[in-house]
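>>> Using only what follows, build the 3D model:
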Amino acid sequence: MPYLGSVIPPLMEGAIADLPQWVSRYVRQENLFAAGDRVLAAVSGGPDSVALLHLLHSLQPDLDLELGVAHFDHSLRGRQSQEEAEFVAALAQSLSLPFYPGQGDTRESARRERISLQMAARRLRLQFLKDICRSHRYQKLALGHTADDQVELFFLRLLRGAGPEGLAGMPPATPEGLVRPLLAVGKEVILAWLLQGNLPYRQDPSNLKREYLRNRVRLDLLPQLKQYNPRVREAVWRAQALLQEGERLLAPRVARAVAEVGEALAPDFYRLNLPRFLQLPVALQKLVLRAVLQKILAEYPLSAAQVAAVLDLAQAKKSGGQVSLGTCRVARAGGELYIFLRLPAPPRHSATLPSCPGRFQVGGWNWHLVSRPYLPETPWPQEAHLAWLDRDRVHFPLEIRYFQPGDRFWPTGAAAPRKLQDFLVDCKIPRWLRPYIPLVISQGQIIWVPGLRLAEPLKLTGASRNLLAIELSPGSFETRRLWEMLQACRQATGDTKNADRQKNEAP
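All right, here's what the predicted structure looks like:
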């Protein structure tokens, strides 16, 4: 790809009138769309995203696209946020395009996840947009990032100490379907084109607040740098193009290395085999880490210090350490490195399941209890989320709580009770995941560790007359993630055989 500035020079004479043709050329050059693609345009109401929508709409017949419009209200600016949502809805209607509104409590998300408002807003917005793409079968998600955004991002990441991959900036397209048709268009051209076409848009006043580093880069740093090089933007674009060329050359080798040493246990949960990982050259180790983080967090820029911290964790002689990378966490467990989105604080509460039959929701988990006569010849489904117990040995109310120091458990098939911690270690459940596993307690004794094993004294036998069936299912996004992690660890370490001992075959 030629450097970005050579595709559409932001100050080129005549570029304004020819902008649709320039964008069409860039789209074809970068293969952003295929004929018949359903494309969701993310529109905030600002000039960049409004220009994106109008340009895609004008090119829709030529590119053979089906367009939709999505807008996410971050609930940060009261009535102004509502007016922006109404503006985008009216714009979509005027173009006869389907409109998908969304809303989220950004402040609450930032408080709960202990992250910045900007990071929380981005995370909520991207999740909403991806959900719309998935549920309405859009193959591409079009974003309004411009060439000026690339320049600002370059200096933001440079100030953070990012590596070459971070400094390379945003790619025109990602394997996940994100596309940026305006990435080679300068801001001035966009504003002039909107003015020429009498196309209204909304201005976000927060873009002028110097409390945000990006704004200080745009308002203060770049004007200063232009005194040393009036074409500083073009210089950055050329540098980024060279860095992107290097990335493209290395991409196949990095992908092979990720496949050799890593495994996706869930959409946001990766495991790296440390012995194999540490055999890679250090430079390739860094690229593998960045590639995995890209899959989990989408373009999360790792600084050199963060990469060094993860490598130190991987090379440490002791297991059990962790490194925080914003909303992501890297944890060491034995010969494995786990990379996942940060979990909420471990639950501390306890609750009761008062009776049977019944349906209960406790701590984000759904519990369904039924009792019936036990017929040994009847085949009962054997699944990790189901427990089949001798009803006459279970005493209500049942307690639901989480791991406590000193807990003991008598697993099915074991000769005697043992420390729960030792049992979880044998099941290869990482230390950081153990506090999140709900435990079922009867008269002070653990009778079920969901997903892993039942208690030996309560298993069904030939003498059993009644059974108690307990079904567990996630009732929230977080518990669904935790269940996926637990099952991934169990299956990946071969503990399905142990978990199947809850089969309770009667003699």
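
>>> for the chain, which helix is longest?
With secondary structure taken from DSSP state H, the chain has its longest helix at helix 232-261.

>>> and that one, how far from the chain's centre?
Here helix 232-261 is found 22 Å from its chain centre; the criterion is Cα atoms, centre = their mean, to the nearest Å.

>>> Same question for stretch 354-365.
Offset of stretch 354-365 from its chain centre (Cα atoms, centre = their mean): 30 Å.

>>> Please point out which parts of it sit buried.
Using 16 or more other Cβ atoms under 10 Å as the test for burial, stretch 354-365 gives 356, 360, 362, 363, 364, 365. Every C-beta, even on glycine, is put in place using the N, C-alpha and C of the backbone.

>>> thinking again about what came up before, the longest helix of the chain packs against which elements?
Counting contacts by 3 or more Cβ pairs under 8 Å, 6 or more residues apart in numbering; DSSP states H and E, helix 232-261 packs against helix 4-7, helix 147-160, helix 164-167, helix 222-226, helix 274-278, helix 282-297.

>>> Would you mind saying which of the ones you listed lies nearest residue 206?
With Cβ to Cβ, the closest approach to residue 206 among the helices and strands packed on helix 232-261 belongs to helix 147-160: 14.7 Å.

>>> Could you check the angle that closest one makes with helix 232-261?
70 degrees (axes from the mean of the first three to the mean of the last three Cα atoms, to 10 degrees).

>>> Could I get the average pLDDT for helix 147-160?
Mean pLDDT, computed over helix 147-160, is 92.

>>> what do you get for stretch 307-314?
Stretch 307-314 carries an average pLDDT of 92.

>>> With stretch 255-271 instead?
Stretch 255-271 comes out at a mean pLDDT of 88.

>>> And it, end to end?
Start-to-end span of stretch 255-271 (Cα to Cα, to the nearest Å) is 15 Å.

>>> Please apply the same query to stretch 102-122.
End-to-end distance for stretch 102-122: 13 Å, by Cα to Cα.

>>> helices and strands around whichever strand or helix holds residue 51, which ones?
Using DSSP states H and E, residue 51 falls within helix 47-63. If you count contacts as 3+ Cβ pairs under 8 Å, 6+ apart, helix 47-63 packs onto helix 19-29, strand 38-42, strand 66-73, helix 79-94, helix 187-196.

>>> so which of these comes closest to residue 251?
Closest approach to residue 251 among the helices and strands packed on helix 47-63 (Cβ to Cβ): helix 19-29, 18.4 Å.

>>> which residues sit against that closest one?
Residues outside helix 19-29 that contact it (Cβ atoms under 8 Å, 6 or more residues apart in numbering): 1, 7-8, 15, 32-33, 55, 58-59, 62-63, 172, 181-185, 189-190, 193.

>>> How about stretch 296-316?
Contact partners of stretch 296-316, identified using Cβ under 8 Å, 6+ apart, comprise 126, 157, 160-163, 165-166, 170, 174, 176, 178, 268, 270, 272, 274, 277-278, 282, 285-286, 289-290, 293-294, 321-323, 325-328, 330, 332, 337, 339-341.

>>> filter those to the buried ones?
Burial by neighbour count, judged by 16+ other Cβ under 10 Å, picks out 126, 157, 162-163, 165-166, 170, 178, 268, 270, 272, 274, 277-278, 285-286, 289-290, 293-294, 323, 325-328, 330, 332, 337, 339-341 from the contacts of stretch 296-316.

>>> Could you dump the helices and strands packed on helix 232-261 into JSON lines with distance to residue 136 added?
Shown next, in JSON lines, are the helices and strands packed on helix 232-261 (distance: least, Cβ to Cβ, whole Å):
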{"stretch": "helix 4-7", "distance to residue 136": "31"}
{"stretch": "helix 147-160", "distance to residue 136": "27"}
{"stretch": "helix 164-167", "distance to residue 136": "32"}
{"stretch": "helix 222-226", "distance to residue 136": "38"}
{"stretch": "helix 274-278", "distance to residue 136": "38"}
{"stretch": "helix 282-297", "distance to residue 136": "23"}
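
>>> Lowest average confidence across those helices, which one?
Looking at the helices and strands packed on helix 232-261, the weakest mean confidence is helix 4-7, a mean of 40.

>>> picking up where we left off before, save the helices and strands packed on helix 47-63 as a markdown table, and put in mean pLDDT, distance to residue 469 and mean neighbour count too.
Listed next are the helices and strands packed on helix 47-63 as a markdown table, based on pLDDT from 0 to 100; distance: least, Cβ to Cβ, whole Å; neighbours: other Cβ atoms under 10 Å:
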| stretch | mean pLDDT | distance to residue 469 | mean neighbour count |
| --- | --- | --- | --- |
| helix 19-29 | 92 | 56 | 18 |
| strand 38-42 | 98 | 43 | 23 |
| strand 66-73 | 97 | 42 | 22 |
| helix 79-94 | 95 | 47 | 16 |
| helix 187-196 | 92 | 61 | 17 |
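
>>> Tell me which of these sits nearest to residue 475.
The nearest among these, by Cβ to Cβ, is strand 66-73 at 24.8 Å.

>>> Outline the domain layout of this protein.
4-145+180-227, 258-341, 351-503 (automatic domain parsing).

>>> Format these as a markdown table; extra columns: distance to residue 151.
Shown next, in a markdown table, are these (distance: least, Cβ to Cβ, whole Å):
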| stretch | distance to residue 151 |
| --- | --- |
| domain 4-145+180-227 | 7 |
| domain 258-341 | 15 |
| domain 351-503 | 36 |
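
>>> and residue 252, which of the ones you listed is closest to it?
Closest of the domains of the chain to residue 252 is domain 258-341, at 10.9 Å (criterion: Cβ to Cβ).

>>> thinking again about what came up before, and the helices and strands packed on helix 232-261: which comes nearest residue 372?
Closest approach to residue 372 among these (Cβ to Cβ): helix 282-297, 43.3 Å.
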